[in-house]
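Chemist: how would this look folded up:
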Amino acid sequence: MQSEARFEQLLQQAKAAREQGRLDQAAALLDRAEQAHPGRAGLLAERAQLLYARGRYPEAFQQIRQAIAAKPNQPDDYLLLGSIFREAGHPQDAHNCYRACLELSPGKVSAMICLGNLARDQRQTREARLCYEQALQAKPGDPNVQTNLASILCDTGHTGEAIRLLESSLRTRPAALTHSNLLLTLHYDSQTAPERIASEQRAWAALYAKAIRRLPLRNDWSAARRLRLGFVSADFKQHPVGRLVESLWRHLDREQFEMVAYDAGTRLDGLSEKLRTLTNRWQSLQGLSDADAAELIRRDAIDVLFDLSGHTAGNRLLIFAHKPAPMQATWFGYPNSTGLDAIDWRLSDALSDPPGANESRYTEKLLRLPSAPWLYKAPEEPLPIRPLPHTRGEPFTFGCLNNPAKTSEASLAAWIAILRLCPKARLMLMTRDDEDYQQQLRQRFALQGVSASQLLLVVPGTPRQFYEYPYQVDLLLDPFPYNGAVTTCDALWMGIPVISVVGSSYVSRQGVCVLSLLGLSEWLCATPEDYVQRAVALAQTPAVLAAGSPGLRARLQNSPFMDYPQFARDFANAIRSAWQESARAASDSTPR
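Modeler: This next block holds a predicted model:
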């Protein structure tokens, strides 16, 4: 009996160590448990959990199958098997496992959440929402459920409700990733002031990063030597970040820079494989704690470490809190400050962050590139420029094809005003696959006097379907305060004009950045009221749009967004300049 009790104690200790990210300690405890009772189902299951945490899915699959064969009535085992199938891209098998878990344990909230996450993967937004709502009914106030439901509410434009749920979750259980979700969600809310976001970003750092001790570094601040650049992201795949770094890495001078990619994601695709060939080293961070990942990066002697995620999904910001590289920077993935004083620089430009306007909101120093702050890579699909719909005798059609989370209250009010003033025009609006949400949108417009025939609600669909939507639009309406960026460039690439409201922060000035650098500042609107008037005027005189449409692709091709060699030179010069400034600062702070 004593041996049995010791075995169970070792299993529980191993589980606790795994859940706290101490994976090596968990493995040692399991080895000791196996010496006492080899082949036990519970041991197999816990070892499978550990292998899953390390990202070793095939081995985890074999272990958990053996555990289920030995003891087939354990709900958590089916939950893990479902998660392995999900990561492997087998959604139906994952669904069946989660359902089997619920059959064994009908009230198991974690299985309901997993079903919701699986549905969200497949863009089945309504199904995901129903799963999370069921979980919240089963366990009211559960912070994990609240966080997941908030993500769906944000996806469907219910930003205020999402913020309230995330704040409730954080009051119950403060967590860095949940707090990051709140920070990102605040950007979508037209009622949230930039100062509130800046304050919340600093609060995030104070809560989760302040106590982290920085690693000791041996810095060689030589000005002219080859620098080793590290890039951390969960989005080295078909994603705006993946498209960005492919264009940069292909053109950076390899005599000046060495590139190391630290992949924080779990799923790779064809672009991931291309990106791997462009690096000097590719390292997965899966299964590594923040402290272990930071130590790995320190041993790799990275000179400049780039965060490409900020507070978006899959971020590993707490690695940067350890300061594993002498110079650290954040770029592109998140449209604001990280809040971390361990990150030295934030890459931007003078259009997105005019000098003297936003510096006080950032904990990082701004490193302004001389032209575009990021690169645009056109889709690989052949996308010919076609005549605008109104020239083919169709009703004039406005469109917003951005992430539906950007459909703010302020944007909706402006779009309703436009359609009321243009009763024969239509609006094509990107939404999520949720019939309830779509019906709410129709009712919202109808109550303001907009007829049902004026509203065309679409869902993303396949890439081929997605790229067909812009061809049905005469004028793209950039959402605000969270502007489009890559989506705006995609529209211009296809010959679709865009108008945008000029905001005061980086996130609300991407329209300013893109349109100004393409010589299209006449499509910038000083206020939401100006935006409405400009949209109505263009709908009434559409010949102006039709005349300019064929030349939009050439403007984009000839802009800094697609001059990859020049951008790479500008990037290199900016990093060298920041490196020298950081070296001087380090020298000044060194005791003499």
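Chemist: who's in contact with residue 117?
Modeler: The neighbours of residue 117, taking CB atoms under 8 Å, 6 or more residues apart in numbering as the test, are 86, 128, 148. In short, each C-beta sits where N, CA and C put it, glycine included.
Chemist: Repeat the analysis, applying 7 Å as the threshold.
Modeler: Residue 117 sits next to residue 148 when contact means CB atoms under 7 Å, 6 or more residues apart in numbering.
Chemist: That one and residue 147, how far apart?
Modeler: Residue 117 sits 11 Å away from residue 147, taking CB to CB, to the nearest Å as the criterion.
Chemist: Quote the end-to-end distance of stretch 550-570.
Modeler: Taking CA to CA, to the nearest Å, stretch 550-570 runs 30 Å from one end to the other.
Chemist: For that stretch, give me every contacting residue.
Modeler: Residues outside stretch 550-570 that contact it (CB under 7 Å, 6+ apart) are 247-248, 250-252, 369-372, 375-376, 385, 489, 492-493, 495, 517-519.
Chemist: State the mean pLDDT of that stretch.
Modeler: The average pLDDT within stretch 550-570 is 98.
Chemist: Flag every buried residue along it.
Modeler: For stretch 550-570, burial by neighbour count (16 or more other CB atoms under 10 Å) applies to 552-553, 555-556, 559-564, 567-568, 570.
Chemist: picking that back up, which of the contacts of stretch 550-570 count as buried?
Modeler: Taking 16+ other CB under 10 Å as the criterion, what is buried in the contacts of stretch 550-570 is 247-248, 251-252, 369, 371-372, 375-376, 385, 489, 492-493, 495, 517-518.
Chemist: and which of the residues you listed is nearest residue 176?
Modeler: Among those, residue 248 lies closest to residue 176 (CB to CB), at 28.2 Å.
Chemist: so that closest one touches residue 376, yeah?
Modeler: No. Using CB atoms under 7 Å, residue 248 is not in contact with residue 376; the gap is 11.6 Å.
Chemist: Same question for the longest helix belonging to the chain: list its buried residues.
Modeler: Longest helix in the chain by number of residues (criterion: DSSP state H): helix 564-589. Residues of helix 564-589 classed as buried by neighbour count (16+ other CB under 10 Å): 564, 567, 568, 570, 571, 572, 574, 575, 578, 579, 582, 583.
Chemist: ok, the third one to residue 224 distance?
Modeler: Right, the one you point to is residue 568. Noted for residue 568: a distance of 18 Å to residue 224, by CB to CB.
Chemist: With residue 305 instead?
Modeler: In terms of CB to CB, residue 305 sits 20 Å off from residue 224.
Chemist: Next: residue 106.
Modeler: In terms of CB to CB, residue 106 sits 67 Å off from residue 224.
Chemist: Kindly report the same for residue 417.
Modeler: The spacing between residue 417 and residue 224, counted by CB to CB, is 58 Å.
Chemist: Of the two, give the one with the bigger neighbour count.
Modeler: Using other CB atoms under 10 Å as the criterion, residue 417 and residue 224 rank with residue 417 on top: 19 against 8.
Chemist: Packing partners of the host helix or strand of that one?
Modeler: Applying DSSP states H and E as the criterion places residue 417 in helix 409-421. Counting contacts by 3 or more CB pairs under 7 Å, 6 or more residues apart in numbering; DSSP states H and E, helix 409-421 packs against helix 528-540.
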